[in-house]
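In: sequence and predicted structure, then a few things I'm wondering about:
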Amino acid sequence: MDSSTRISDLPENITIQMTDSHGNQPGLPPSFPTFQDMQLPSRDIRVDASQFRDEATKVNYIPPPPTTTDYVREYEDKKKQFKEHNEQKHRVQLADDVFSELQMPILIAILFFIFQMPIINKLMSTLSFLPIYRTDGNANVYGVMLKSAMFGSMFYSIHKVIQMI
């Protein structure tokens, strides 16, 4: 089987024109291409730049510096915030420690002051059924022991209430 095509097998309406490599027909003087005949590649066609709003197309455009994250400054800021937080935490802890340390002595001093007031002695004298006073009006050993027991129970009660709070 022959794979070639014969000219007589071609359709009738096809015309063949012979041209050289520059598009000129043989035997005719060469014609120079005009602007209408030439097709410029699309990259060579001038484009009106007024339709674009890109800042980079302006004359004397200077691009902004690249926006990068300053990791060192962020690290230093976080380190500073951490240090300030620790200092604040230390101050609060110190104030709490001082309050805890002074709480007991202040409570004892207040209770001692209250139990030395004359009103407490007068209230104790109402307990006449107990032999807690001498003949001169001062408290004897039993009176001092009663006053100490009242002091201790009052201290214990107040201390427990403060711990609960």
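Out: Happy to help now that I have it.

In: which strands and helices sit next to the helix or strand hosting residue 153?
Out: Under the criterion DSSP states H and E, the helix or strand holding residue 153 is helix 141-164. Using 3 or more C-beta pairs under 8 Å, 6 or more residues apart in numbering; DSSP states H and E as the contact test, the elements touching helix 141-164 are helix 71-115, helix 118-125. Heads up, the C-betas are built off the backbone N, CA and C, glycines and all.

In: mean pLDDT lowest for which of those?
Out: Summarising mean pLDDT across the helices and strands packed on helix 141-164, the least confident stretch is helix 118-125, with a mean of 84.

In: now the angle from that one to helix 141-164?
Out: When axes from the mean of the first three to the mean of the last three C-alpha atoms, to 10 degrees is applied, the directions of helix 118-125 and helix 141-164 differ by 120 degrees.

In: returning to that earlier point: got the helices and strands packed on helix 141-164 as CSV, with mean neighbour count columns?
Out: CSV is the format used below for the helices and strands packed on helix 141-164 (neighbours: other C-beta atoms under 10 Å):
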stretch, mean neighbour count
helix 71-115, 11
helix 118-125, 12
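
In: reformat those helices as CSV; add distance to residue 143.
Out: Below are the helices and strands packed on helix 141-164 laid out as CSV (distance: least, C-beta to C-beta, whole Å):
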stretch, distance to residue 143
helix 71-115, 12
helix 118-125, 7
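
In: before we move on, back to that, which parts of the helix holding residue 153 are buried?
Out: Of the residues in helix 141-164, 143, 146, 147, 151, 155 count as buried by neighbour count, 16 or more other C-beta atoms under 10 Å.

In: pull the most distant pair out of the residues you listed.
Out: Among the buried residues of helix 141-164, the pair separated by the greatest distance (C-beta to C-beta) is 143 and 155, at 18.6 Å.

In: still on that earlier bit, out of the buried residues of helix 141-164, who's nearest residue 89?
Out: Proximity of the buried residues of helix 141-164 to residue 89, judged by C-beta to C-beta, is greatest for residue 155, which lies at 32.4 Å.

In: how about the closest one: what's its closest non-neighbour residue?
Out: Computed as C-beta to C-beta, 6 or more residues apart in numbering, the closest residue to residue 155 that is not its neighbour in sequence is residue 111, at 5.7 Å.
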